[in-house]
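Enquirer: need coordinates for the below:
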Amino acid sequence: MIPRRALVVTGTFLLSVLLYVDRVCISTAKGPITQELGLTDTQFGWVMSSFAIGYALFQTPSGMLADRIGGRKILAGIVTLWSLFTGLTALAWNYWSLLLIRFLFGAGEAGAFPGMARAVYSWIPTRERGLVKGINFSGSRLGAAFALPVLATAIDSFGWKHTFGVLMVVGCFWSVAWWLWFRDDPTDHPSLSQAELAYIVANRQSGSDTTPPGNMPIGHMLRSTGLWLMMTQYLFANFTTFFCLTWLYPHVKKTYELNSADAGLYSMIPLLCGALGNVISGWLVDRIYATGRPALSRKLPAIVGFLLTAIGMVMSVQHSTVGPAIFWLSLAVFGVDMILSPSWSFCIDIGQKHAGQISGTMNMAGNIGSAIIGPAFPFLLAWTGSANVFFYIIAGCSVLAAACWTFADSTKKISELP
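Expert: Okay, here's the model as predicted:
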């Protein structure tokens, strides 16, 4: 019989797929949207940043809400909310309306990963946490990867407005299914066997029950050196991640003079490598953890990942043809996605019952990085006439992020700080 916690992983994996399909759809639809609404590249960059700003601002509040009301309510609610704003995107009539809708869409998506973190804290044994988070985040990359060519074809065939409407319906269907099946406390699930329940309770992190915690004071939370290091490295990581989810497709299409379908296929390759990086890193996290070195299990995969990102970014601009450039970009994305499982596992480790709040705060910092990249890439491209400076900046930031991890210690719980 399939363990019921595997169904929790499946549900959150599918949510991660949906999250990024909805997110990259606007990048794929850049051509018809900018043409219909008369937007410049700079304006479109701000549209994408408006999502990141809304997403960042609501990370900590939504994480606190996830800790208080649980993964069932928070995930069912926010998926419904952001799906509605996905559909409403099709009704935008000018730049300002699109800017507002995408800001609200980002605010709606903000609780997704903090909500998943809270569900993982209650349901998943600590020894399985790395791989589970790796699988979760691989869904985001697979969703984005396959969305690029599929959505490009759908938009060309049916129009961008109808495509956004279909995505709204899919999201609402997931919300209903999650609400009907999931329970915040494994002991409340009607189909969970006694043997599996006993295994979960015996092996999950100490104190991993679903009793709603009181809010952790922001001042106390920000006394954690580990959290500040996570926020810094995650901000740098999102420079690469957000570029791939927003500007990669139009950059590849324009730079190498490709049609929509070919640009979508080439752009999906780095994202597929990112999905692989997530799973391999998650497996490595658990393997090192099993040797009795919990701090190293979070630290080593992340350091290796950032160094690979730096190498890949520098090498990608040394080539004028699409094949070699995509190869090195794929290495960079493989590397940056290696940091996701250790980063979120680290936040769950130090946050415990406040896993949603702590992981949401890290993700907030990361998406400040996303908000910067939206307009920064076209600005640097127009200013220098080349994407090279942008890629070199990302490489340098990746080295700094690797340095952050050398000081990080996942065994120092925030609740135990004086």
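Enquirer: where does the stretch 201-350 of the chain dip in pLDDT?
Expert: Applying pLDDT under 70 to the stretch 201-350 of the chain flags the ranges 205-215.
Enquirer: tell me the contacts of Val170?
Expert: Leu18, Ser83 (CB atoms under 8 Å, 6 or more residues apart in numbering). C-beta: built from backbone N, CA, C; applies to glycine.
Enquirer: if I look at it, how far off is Tyr289?
Expert: 35 Å (CB to CB, to the nearest Å).
Enquirer: same check, this time on Ala112
Expert: 25 Å.
Enquirer: the two: who's more crowded?
Expert: Per other CB atoms under 10 Å, whichever of Ala112 and Tyr289 has more neighbours is Ala112, with 24 against 21.
Enquirer: contacting residues for the residue nearest to the more buried one when sequence neighbours are not counted?
Expert: Spatial nearest neighbour of Ala112, chain neighbours left out: Leu19 (5.4 Å); criterion: CB to CB, 6 or more residues apart in numbering. When contacts are counted by CB under 8 Å, 6+ apart, Leu19 touches Glu109, Ala112, Gly139, Ser140, Gly143.
Enquirer: quick check: buried residues in stretch 316-334?
Expert: Along stretch 316-334, these residues count as buried under the neighbour rule (16 or more other CB atoms under 10 Å): 316-317, 322, 325-334.
Enquirer: need those residues in a markdown table with distance to Arg72 and secondary structure, can you?
Expert: Shown next, in a markdown table, are these (distance: CB to CB, whole Å; DSSP: H, G, I helix; E, B strand; the rest coil):
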| residue | distance to Arg72 | secondary structure |
| --- | --- | --- |
| Ser316 | 42 | helix |
| Val317 | 46 | coil |
| Val322 | 45 | helix |
| Ala325 | 44 | helix |
| Ile326 | 40 | helix |
| Phe327 | 43 | helix |
| Trp328 | 42 | helix |
| Leu329 | 38 | helix |
| Ser330 | 37 | helix |
| Leu331 | 39 | helix |
| Ala332 | 37 | helix |
| Val333 | 32 | helix |
| Phe334 | 34 | helix |
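Enquirer: so where do the strands sit in this protein?
Expert: Read by DSSP state E, the chain holds no strands at all.
Enquirer: any idea how far stretch 111-123 is from the middle of the chain?
Expert: For stretch 111-123, the separation from the chain centroid amounts to 13 Å (computed by CA atoms, centre = their mean, to the nearest Å).
Enquirer: er, stretch 326-346 actually
Expert: That offset, for stretch 326-346, works out to 11 Å (CA atoms, centre = their mean).
Enquirer: what of stretch 373-383?
Expert: 22 Å.
Enquirer: ok, stretch 103-118 next?
Expert: 10 Å.
Enquirer: avg pLDDT for that stretch?
Expert: Mean pLDDT, stretch 103-118: 87.
Enquirer: that older thread, how near is the residue nearest to Ala112 to Gln194?
Expert: From Leu19 to Gln194 the distance is 34 Å (CB to CB).
Enquirer: what's the answer for Ala290, then?
Expert: Distance from Ala290 to Gln194, by CB to CB: 26 Å.
Enquirer: more neighbours: these two, which one.
Expert: Using other CB under 10 Å as the criterion, Ala290 and Gln194 rank with Ala290 on top: 12 against 7.
Enquirer: need the contact list for the more buried one.
Expert: Ala290 neighbours (CB under 8 Å, 6+ apart): Arg127.
Enquirer: now swap in Trp179 and tell me
Expert: For Trp179, the contacting residues are Arg72, Ala76, by CB under 8 Å, 6+ apart.
Enquirer: can you pull the pLDDT of it?
Expert: So, for Trp179, pLDDT stands at 93.
Enquirer: any idea how far Asn238 is from it?
Expert: In this view, Trp179 and Asn238 are 30 Å apart by CB to CB.
Enquirer: make sure Phe247 is actually in contact with Ser27.
Expert: Let me fix one detail, which is that residue 247 is Trp and not Phe. Yes. If you go by CB atoms under 8 Å, Trp247 and Ser27 touch, sitting 7.4 Å apart.
Enquirer: need the buried residues of stretch 316-334 in CSV with distance to Ala355, can you?
Expert: Converted to CSV, the buried residues of stretch 316-334 look like this (distance: CB to CB, whole Å):
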residue, distance to Ala355
Ser316, 35
Val317, 38
Val322, 41
Ala325, 38
Ile326, 36
Phe327, 37
Trp328, 35
Leu329, 32
Ser330, 31
Leu331, 31
Ala332, 29
Val333, 26
Phe334, 27
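Enquirer: just the closest of those residues to Tyr256, please.
Expert: Val322 (4.1 Å; CB to CB).
Enquirer: which non-adjacent residue is nearest the closest one?
Expert: Tyr256 (4.1 Å).
Enquirer: how close does Leu98 sit to Asp262?
Expert: Counting by CB to CB, the gap from Leu98 to Asp262 is 27 Å.
Enquirer: the two - which one has more neighbours?
Expert: A direct count of neighbours by other CB under 10 Å for Leu98 and Asp262 places Leu98 higher, at 22 against 16.
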